[in-house]
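> Pasting the sequence and the predicted coordinates here, then a few questions.
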Amino acid sequence: MGETFEITEEMKAKVGKESPPWTYEVSRSAVRAFARGTGYTDPIYYDIDAAKAAGYRDLPAPPTFHGTPVYIPGKSEETYSTPLECDVTITLEPGQLPNIMDGGTEYEYFDQICAGDTLTSVAKMASLDTKITSSGKTMLIQSLEFTFTNQDGNVVLIERLKVINH
């Protein structure tokens, strides 16, 4: 199945293509819930006075949390609330490299993300590549990049991730 997989011209055309912008809201409730759910116990994630005493404008978003995408019925994907027309990833035919795995995610922060912020995200396909496994099977590696800009127009975060189809 995967041994003869090749990247097509149609797939290559997605490299560099950007999604429409999408809004994420960073609320105090979501910051507290994420911090609690991931085991953070520092009061800065729960108490506004503690956050301000530590130099934050409001409750800071814990690492890897960048708000909740705004769901709009008919315009949002049902599971992740991203835009339906976010056509930057590769959709494979049934039977083509049927398995998928997370190839890792990295976050590059440029400024604080705090409760009360509204972020706008744009996704793009940064690159496509294939690798041959030790068993001779082909893997497709999709490298995606999400740029998050805050309400002041400043880039606050770039999230880079890899999706591996095999």
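Nice, I can see it.
> Mind giving me the packing neighbours of the helix or strand hosting L119?
Assigned by DSSP states H and E, L119 falls within strand 118-132. Counting contacts by 3 or more Cβ pairs under 8 Å, 6 or more residues apart in numbering; DSSP states H and E, strand 118-132 packs against strand 22-25, strand 138-149, strand 155-165. The C-beta positions use only the backbone N, C-alpha and C, and glycine is treated the same way.
> what do you get if the cut-off is 7 Å, keeping everything else the same?
Packed against strand 118-132 by the contact rule (3 or more Cβ pairs under 7 Å, 6 or more residues apart in numbering; DSSP states H and E) you find strand 22-25, strand 138-149.
> Please name the strands paired to the shortest one in the sheet, noting orientation.
When sheet partners are counted by DSSP bridges, strand 22-25 sits next to strand 68-69 (antiparallel), strand 118-132 (antiparallel).
> The last one too?
Strand 138-149 pairs in its sheet with strand 118-132 (antiparallel), strand 155-165 (antiparallel), by DSSP bridges.
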